[in-house]
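Colleague: no FASTA, just this:
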């Protein structure tokens, strides 16, 4: 028999026993009569039965026995006191109406106070025993842990660590900026601070683990705290921005996670113009090509929550698409009307057939070959899938009278140095060549690297760190713009809502991030020291890779939109006849099958397409000029 199965009954019997023993004991020890007839137990037992019955009634009313006393707080103890108080008042009322005699006031006060003291003492002793027992049961050595934040989340996390059996953490201290908390103790654990002194405090306390427990912390402040933690070289975990429940202590440790790159970017997430996006999706038939990919699948998730009339997910890779299908079924069941079609955008006849069948009103075209080094080795496949696949979808959209067509583009399409970037630039040109008579609004959305997507550098770095290194970077000078997949999809949806013909939308992504800094930070956040525990090795630029990325072809064409972080570039118009010549040239090169012919055709199609060595050399020259100007100044 387990104690936990009968916890309520046992606590109830304990309280009843304590009150009975105290009442009888005080009665027998009383040197004088107590108003019930001297030492006669008959009247006493009758009065006690009524009194205790009233008290138990109100304990049940206040749910005293529904509490886990191991985690009890002020409200649980208040409920116990209120049960005694209201029960006693009811007893006095009943005895005044139905009985001639009642317990003496002094006796009742003594019994009431003694019973409460004993019952609370037993509960405190049980709580201390359970906490001590939980600590002793931990078989593995516990890591000395500091919790950053002594607010509600930090205190609840601390209480869980202290009381949870087999917990791998040993709470040593809390850190906080609040002067009223610094120097105090919470559950016997000292609060130190301010947080700015974290490196010194941690060093003096021999801490082995850090936990950031300030869910409401602003993004910039969180970044500052993470930088301080980086200086210590100690592994850091973090509670998410929104703790799902601060009233269920057993859940907090499970919600902790390692610090992600999103935490290092140090900027607030992009906000949607909810009404515009809602109007675009709600009640409409929406198709997402490449719906099983990183961007496409997140598009499908967010679109599903905007109540489309129907969602068509199109992809030629069945495994990831199947996973997305099962996820949407689990989440929405019959509430979401969606269809999965396994199809290749290069199949012009099939794409036209699907458009004719479903008559989509909004298209998000995310299907593309995107891996830069792989496409350098397969230029013909890049052209067939990216260029002609896009042309097939655009043509089908025009024939079906689609209202909005949103192309997922990339910063690599700006002054491209890779085949992938050049083909995506041609895709943007296809959209800008659409005749004004077409009913469809065509728009391209251009953004940088997406964190955690397939082929992203972040999963690679994490895998290399987990294997003990080395972490490989192509060039220590290289910089990139980064955004989360949620931010990318937010931009795509917002662009669709604001879409006008032949525009390219770009997100103000802030400052570019040095890949070297990124690698060093990830190593530190994993609890290691760069170059000492985990080496960083430079392996050279990959084919088609440049040192930096651009988001705009010409900044003079930049215009702000209603969204403060989104601006628009008016795409240079391409005549339909000119576009047909470009497509014919590329088609002949692909059919001819020679890699050199495909490359030559791409260079003719995209005049700004240059080899990466040429672009990188120009970049280095400009950098040296900037350094000389800075020295002269």
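Modeller: Thanks, I have it. Just so we're clear, the structure is a prediction, and the values are computed from it rather than from any experiment.
Colleague: give me the mean pLDDT for whichever helix or strand residue 589 is part of.
Modeller: Using DSSP states H and E, residue 589 falls within helix 576-592. Confidence for helix 576-592, expressed as mean pLDDT, is 92.
Colleague: next one: stretch 169-176
Modeller: Averaging pLDDT residue by residue across stretch 169-176 gives 87.
Colleague: what's in contact with that stretch?
Modeller: 142-151, 154, 158, 161-162, 181-182, 186, 189-195, 198, 201, 205, 207, 209, 211, 253 (Cβ atoms under 8 Å, 6 or more residues apart in numbering). C-beta here means a position set from N, CA and C on the backbone, and glycine is covered the same way.
Colleague: drop anything exposed from the residues you listed.
Modeller: Neighbour counting by 16 or more other Cβ atoms under 10 Å classes 142, 144-151, 154, 158, 161-162, 181-182, 186, 189, 191-193, 195, 198, 201, 207, 209, 211, 253 among these as buried.
Colleague: from those, which land in helices?
Modeller: Residues from those lying in helices, with DSSP state H as the criterion: 154, 158, 161-162, 198, 201, 253.
Colleague: let me know the secondary structure of the most centrally placed residue in the chain.
Modeller: Nearest residue to the geometric centre of the chain (Cα atoms, centre = their mean): residue 240, 6.6 Å. Following DSSP: H, G, I helix; E, B strand; the rest coil, we place residue 240 in the coil state.
Colleague: my guess is it contacts residue 215, does it?
Modeller: Yes - with contact taken as Cβ atoms under 8 Å, residue 240 and residue 215 are classed as touching, separated by 6.6 Å.
Colleague: in a helix, residue 123, correct?
Modeller: Yes - for residue 123, which was evaluated using three-state DSSP, the result is membership in a helix.
Colleague: count of residues packed around it?
Modeller: By the measure other Cβ atoms under 10 Å, the count of residues near residue 123 is 20.
Colleague: what does residue 184 give?
Modeller: Here the number of neighbours of residue 184 (other Cβ under 10 Å) works out to 14.
Colleague: likewise for residue 49?
Modeller: Counted with other Cβ under 10 Å, the burial measure for residue 49 works out to 11 neighbours.
Colleague: which ones are touching it?
Modeller: Neighbours of residue 49 in contact, by Cβ under 8 Å, 6+ apart: none.
Colleague: helix or strand: which one has it?
Modeller: Using DSSP H and E, residue 49 maps to helix 41-61.
Colleague: in that helix, what's buried?
Modeller: Result for helix 41-61 [16+ other Cβ under 10 Å]: buried residues 43-44, 47-48, 50-52, 54-56, 58-59.
Colleague: if I look at residue 234, how far off is residue 146?
Modeller: 9 Å (Cβ to Cβ, to the nearest Å).
Colleague: overlap of the contact sets of these two?
Modeller: 202, 207, 209-210.
Colleague: pLDDT and distance to residue 351 for those - can I get that in TSV?
Modeller: Conversion of these to TSV gives the following (pLDDT from 0 to 100; distance: Cβ to Cβ, whole Å):
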residue	pLDDT	distance to residue 351
202	86	59
207	87	58
209	87	53
210	90	52
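Colleague: among those, which two are most distant?
Modeller: Among the shared contacts of residue 234 and residue 146, the pair separated by the greatest distance (Cβ to Cβ) is 202 and 209, at 10.2 Å.
Colleague: what sits in contact with each of these two?
Modeller: With Cβ under 8 Å, 6+ apart, residue 202 and residue 209 have common neighbours 146, 234.
Colleague: where are the low-confidence patches of the stretch 1-150 of the chain?
Modeller: Within the stretch 1-150 of the chain, the ranges that satisfy pLDDT under 70 run 1-9, 30-44, 64-77, 96-105, 124, 126-141.
Colleague: rerun at 50
Modeller: Counting by pLDDT under 50, the stretch 1-150 of the chain has low-confidence residues at 1-4, 32-37, 71, 134-139.
Colleague: re the thing from before, and the two most separated of the ones in helices among the buried ones among the contacts of stretch 169-176?
Modeller: Set against one another by Cβ to Cβ, these have their most distant pair in 201 and 253, with a gap of 22.9 Å.
Colleague: so where do the helices sit in the stretch 401-550 of the chain?
Modeller: Across the stretch 401-550 of the chain, reading from the start of the chain, the helices by DSSP state H, counting those that start in this stretch fall at 419-432, 457-466, 485-498, 515-525.
Colleague: in a markdown table, list the ones you listed along with distance to residue 294.
Modeller: What follows is the helices of the stretch 401-550 of the chain, written out as a markdown table (distance: least, Cβ to Cβ, whole Å):
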| stretch | distance to residue 294 |
| --- | --- |
| helix 419-432 | 15 |
| helix 457-466 | 11 |
| helix 485-498 | 6 |
| helix 515-525 | 18 |
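Colleague: just those: most buried one?
Modeller: Each of the helices of the stretch 401-550 of the chain was scored by mean neighbour count; the highest is helix 419-432, a mean of 26, by mean count of other Cβ atoms under 10 Å.
Colleague: ok now it, how far from the chain's centre?
Modeller: Here helix 419-432 is found 33 Å from its chain centre; the criterion is Cα atoms, centre = their mean, to the nearest Å.
Colleague: what angle sits between it and helix 576-592?
Modeller: Here helix 419-432 runs at 150 degrees with respect to helix 576-592, directions being taken by axes from the mean of the first three to the mean of the last three Cα atoms, to 10 degrees.
Colleague: quick one: average pLDDT of helix 419-432?
Modeller: The average pLDDT for helix 419-432 rounds to 93.
Colleague: so what does that helix touch, helix or strand wise?
Modeller: On a contact count with 3 or more Cβ pairs under 8 Å, 6 or more residues apart in numbering; DSSP states H and E, helix 419-432 meets helix 372-377, helix 379-382, helix 389-400, strand 404-408, strand 441-446, helix 576-592, helix 595-605.
Colleague: what's in contact with the shortest one?
Modeller: What it means is helix 379-382. By Cβ under 8 Å, 6+ apart, the list of residues contacting helix 379-382 reads 369, 375, 419-420, 423, 589-590, 593, 595, 598-599, 602.
Colleague: burial count for residue 185?
Modeller: Summarising burial for residue 185: neighbours were counted as other Cβ under 10 Å, giving 11.
Colleague: same deal with residue 433?
Modeller: Neighbours around residue 433, by other Cβ under 10 Å: 22.
Colleague: phi and psi next, for it.
Modeller: phi -90, psi 0 (degrees, to the nearest 10).
Colleague: tell me who's in contact with it.
Modeller: Remark: with contacts taken as Cβ under 8 Å, 6+ apart, residue 433 is in contact with 573-576, 578-579.
Colleague: just the buried ones from those residues?
Modeller: The neighbour-count criterion (16+ other Cβ under 10 Å) marks 574, 579 among the contacts of residue 433 as buried.
Colleague: out of the contacts of residue 433, who's nearest residue 451?
Modeller: Where the contacts of residue 433 are concerned, and distances follow Cβ to Cβ, residue 451 has its nearest neighbour in residue 574, at 32.7 Å.
Colleague: for the closest one, what is the enclosing helix or strand?
Modeller: Using DSSP H and E, no element contains residue 574; it sits outside every helix and strand.
Colleague: phi first, then psi, for it.
Modeller: With angles defined as degrees, to the nearest 10, residue 574 shows backbone torsions of phi -120, psi 130.
Colleague: just for the stretch 401-550 of the chain, where's the confidence low?
Modeller: For the stretch 401-550 of the chain, no stretch has pLDDT under 50.
Colleague: quick check: residue 177 is in a helix.
Modeller: No - inclusion of residue 177 in a helix is not indicated when three-state DSSP is applied; the result is coil.
Colleague: is it true that it touches residue 195?
Modeller: Yes - Residue 177 sits in contact with residue 195 when judged by Cβ under 8 Å, with a separation of 5.4 Å.
Colleague: give me the phi and psi for residue 448.
Modeller: Note on residue 448: backbone dihedrals following degrees, to the nearest 10 are phi -90, psi -150.
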